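Visitor: Structure, please.
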Amino acid sequence: MKPTDQQNPDYFHKVVDCQWACPAHTNVPEYIRLIAQGKYTESYMLNRESNVFPGILGRTCDRPCEPACRRDRVDGKPVAICRLKRVASDLRDDDISMLLPKIPTKKNGKRIACIGAGPASLTVANDLMPLGYEVTIFEAMDKPGGLMRSNIPSFRLPAGVLDEEIAMIVDMGVDVRYNSEIKSMRAMLEQNFDAVFIGSGAPRGKDLQIPGRQETAANIHIGIDWLFSIAFEHIKSIGEKVLIIGVGNTAMDCCRSSRRLGGKDIKVMARRPRKYFKASPWELEDAEEEGIEIVINHAPKRFVMENGKLVGMEFERLEWNEGATESRTIDSVIIPCDDVILAIGQDNAFPWIEKDLGMEFGKWDMPKVDETTYMSTLPGVFFGGDAAWGPKNIIWAVEHGHQAAISINNYVNGIPVTERMKRGMNLVSAKMGLSEWSYNNNYDPAIRQKMKHVDLVERFKNLTTEVELGFTAEQTANEVQRCLNCDMETVFFAPKCIECDACIDVCPVQCLTITKDGDETDLRSRLSAPALNLSQDLFVSEPLKQTGRIMAKDEDLCVHCGLCAERCPTFAWDMQKFDAIIPKAIDMRELVMA
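Guide: As a prediction, this is how the structure comes out:
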């Protein structure tokens, strides 16, 4: 149990709020409101401050913020935060150059090398260029973007969006050297960069070594390599009968790409039940909308060949226990196919890092990387993105880039990489008068807006036709009104409370209780409404001066409507705007200068 004390940071860290849920910590409610007010430029820049790639992430993010959205507790559907990021990006002003970070003409004399032009390296460059660094990115391909370009199909992420947002960083003056694959870490270190950041991704797809693999190799494809070949137009067709092995987001991209390259009978084969899939629910829905069949409880057994050609795969049909921890084989079936695409995971590959450089490697032959500083055991060499701890997603790569940039800035200036500014918060009362507040707490019953898609016939005509059309202005207006103002925090001042029970009477969800103190189990049994989520802390005040009882609030129930603050006659309750303060490399300037 934590006190409702605005000086206690645990209170705010425990609040289920999308500012904390997103790895890159975007102030989502604020920019949603700005969108609603039509301030698209300001909204976009606030969006970009942490996310760096709002247009890209507005189309491809795994949405870690949405499960934390309080609206989900009201009607079962969170605010469409990801899609509103896209609105903020797509509807920004044409020229935002004056709002991008300013790059000093006089450099600081420090040279930083980034390996790979993916989201992590680009974020490092974005954060260090405004500090006067010279950043050089070495990219094996002839275009930047890394796996964002090579593994996300253009029908989900148009090349134009990718090019535009990457250009905002490259045009800061970053020296990007294309067609420059790094083959020796020793040779890189001999170039005397002040620090090296490795953001090369996890470029090796996992194989499936079962009987028949070698004999049918011509028609068996590794998912990420196959998507790469499509992106760079090396592959333009596929067989009519296609099996996709695996049920992650890469598998969804593979099956939908197959549909556009001529596949007619496409099946995604899953070893376990659907609720254990790694793919995002919306990715599964989009695939099924396009006629993809998802087959559960089938484990690959062998590739079937006739006359030297792949004709099918044999699978064991499984039956799982509760929890899907153990299975038994029911029987086996052979499913015909012309091609098989393996999308069962990715591995890191660092054959170019010599083992005698002083860098320690651990499990799965991965470099040992500090989870706070992102520095390897070789001083001055940092990792981020999939290269650090294996495949995650773009938003995590961006966060890794932000944190690595702080460490790099410290390192080259002789400051311990462990010395970092603390995360903080800012609270400002929203009260403007006796009955006037600086936010709107009206509850809007609007349902979550449905994304409009290009018609099936049209989307299959061209591999690059973007499927999602984005929200219309009307949809945007409806969706932003679903936001429950989670950044407006309830703050309680116990000495002002006269225990009149007005706040308890007016609370629409019965999240408040004035009662005697006790241990947590006992206290939960005496709340105004049953505490259904035991993982959510209760917020408990200091003893009230009238009776010595305490004010308890169940944060799991609270919708931050502010009625308690409006009703309170002594202003014991206040609604205060909360901003998460997440340090970036540029915030360390004063420390460096000192």
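Visitor: Hmm, M366 and M359 touching each other?
Guide: No - counting by Cβ atoms under 8 Å, M359 does not reach M366; the two are 10.9 Å apart. In short, each C-beta sits where N, CA and C put it, glycine included.
Visitor: M313 belongs to a helix, doesn't it?
Guide: No - counting by DSSP: H, G, I helix; E, B strand; the rest coil, M313 is not part of a helix but strand.
Visitor: going forward can the numbers begin at 20, since that is how I track them
Guide: Shifting the count to begin at 20 puts that one at M332.
Visitor: show me the contacts for it.
Guide: Listed by Cβ atoms under 8 Å, 6 or more residues apart in numbering, the contact partners of M332 are 262, 288, 319-323, 353-354, 356, 359.
Visitor: What of T396?
Guide: Counting by Cβ under 8 Å, 6+ apart, the residues that T396 touches are 377-379, 386-387.
Visitor: what about the strands in the stretch 220-369 of the chain?
Guide: Here the stretch 220-369 of the chain has its strands, by DSSP state E, counting those that start in this stretch, at 223-224, 239-241, 260-264, 284-288, 312-314, 317-325, 328-339, 346-355, 358-361, 365-366.
Visitor: and the ones you listed, which one is worst for confidence?
Guide: Mean pLDDT is lowest for strand 365-366 out of the strands of the stretch 220-369 of the chain, coming in at a mean of 84.
Visitor: who touches both of M378 and M385?
Guide: By Cβ under 8 Å, 6+ apart, no residue touches both M378 and M385.
Visitor: Now which of the contacts of M332 would you call buried?
Guide: 262, 288, 319-323, 354, 356, 359 (16 or more other Cβ atoms under 10 Å).
Visitor: quick one: pLDDT of the residue nearest to T589 when sequence neighbours are not counted?
Guide: Distance criterion Cβ to Cβ, 6 or more residues apart in numbering; nearest residue to T589, sequence neighbours excluded, is K515 at 4.7 Å. K515 carries a pLDDT value of 96.
Visitor: And L610, by the same measure?
Guide: For L610, the predicted pLDDT is 58.
Visitor: what's the answer for S108, then?
Guide: 87.
Visitor: re earlier: same list (the buried ones among the contacts of M332) but as JSON lines, adding distance to L446.
Guide: As requested, the buried ones among the contacts of M332 are exported to JSON lines (distance: Cβ to Cβ, whole Å):
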{"residue": "L262", "distance to L446": "55"}
{"residue": "M288", "distance to L446": "52"}
{"residue": "P319", "distance to L446": "55"}
{"residue": "K320", "distance to L446": "60"}
{"residue": "R321", "distance to L446": "62"}
{"residue": "F322", "distance to L446": "61"}
{"residue": "V323", "distance to L446": "65"}
{"residue": "I354", "distance to L446": "59"}
{"residue": "C356", "distance to L446": "59"}
{"residue": "V359", "distance to L446": "56"}
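Visitor: Pick the one among these closest to V417.
Guide: M288 (32.3 Å; Cβ to Cβ).
Visitor: Now do the same contact list for that closest one.
Guide: 262-265, 314, 317, 319, 332, 334, 354.
Visitor: can you redo the contacts of M332 as JSON lines with distance to A604?
Guide: Formatted as JSON lines, the contacts of M332 follow (distance: Cβ to Cβ, whole Å):
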{"residue": "L262", "distance to A604": "46"}
{"residue": "M288", "distance to A604": "45"}
{"residue": "P319", "distance to A604": "46"}
{"residue": "K320", "distance to A604": "51"}
{"residue": "R321", "distance to A604": "52"}
{"residue": "F322", "distance to A604": "50"}
{"residue": "V323", "distance to A604": "55"}
{"residue": "I353", "distance to A604": "56"}
{"residue": "I354", "distance to A604": "52"}
{"residue": "C356", "distance to A604": "50"}
{"residue": "V359", "distance to A604": "45"}
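Visitor: Quick check: the gap between the closest residue to F296 other than its chain neighbours and I523.
Guide: Spatial nearest neighbour of F296, excluding adjacent residues (Cβ to Cβ, 6+ apart): V266 at 4.3 Å. Distance from V266 to I523, counting by Cβ to Cβ, to the nearest Å: 48 Å.
Visitor: cool, and I315?
Guide: 48 Å.
Visitor: now do D226
Guide: Following Cβ to Cβ, the distance that separates D226 from I523 is 62 Å.
Visitor: if you count what's nearby, which of those two comes out ahead?
Guide: I523 (17 against 13; other Cβ atoms under 10 Å).
Visitor: hang on, that one packs against S547?
Guide: Yes - with contact defined as Cβ under 8 Å, I523 reaches S547; the gap is 6.6 Å.
Visitor: Quick check: neighbours shared by the two?
Guide: What both I523 and S547 touch, as defined by Cβ under 8 Å, 6+ apart, is the set 529, 531-532.
Visitor: In the stretch 70-219 of the chain, mark out all the helices, start to finish.
Guide: Using DSSP state H, counting those that start in this stretch, the helices of the stretch 70-219 of the chain run over 73-79, 90-94, 100-109, 138-147, 166-169, 178-189, 204-208.
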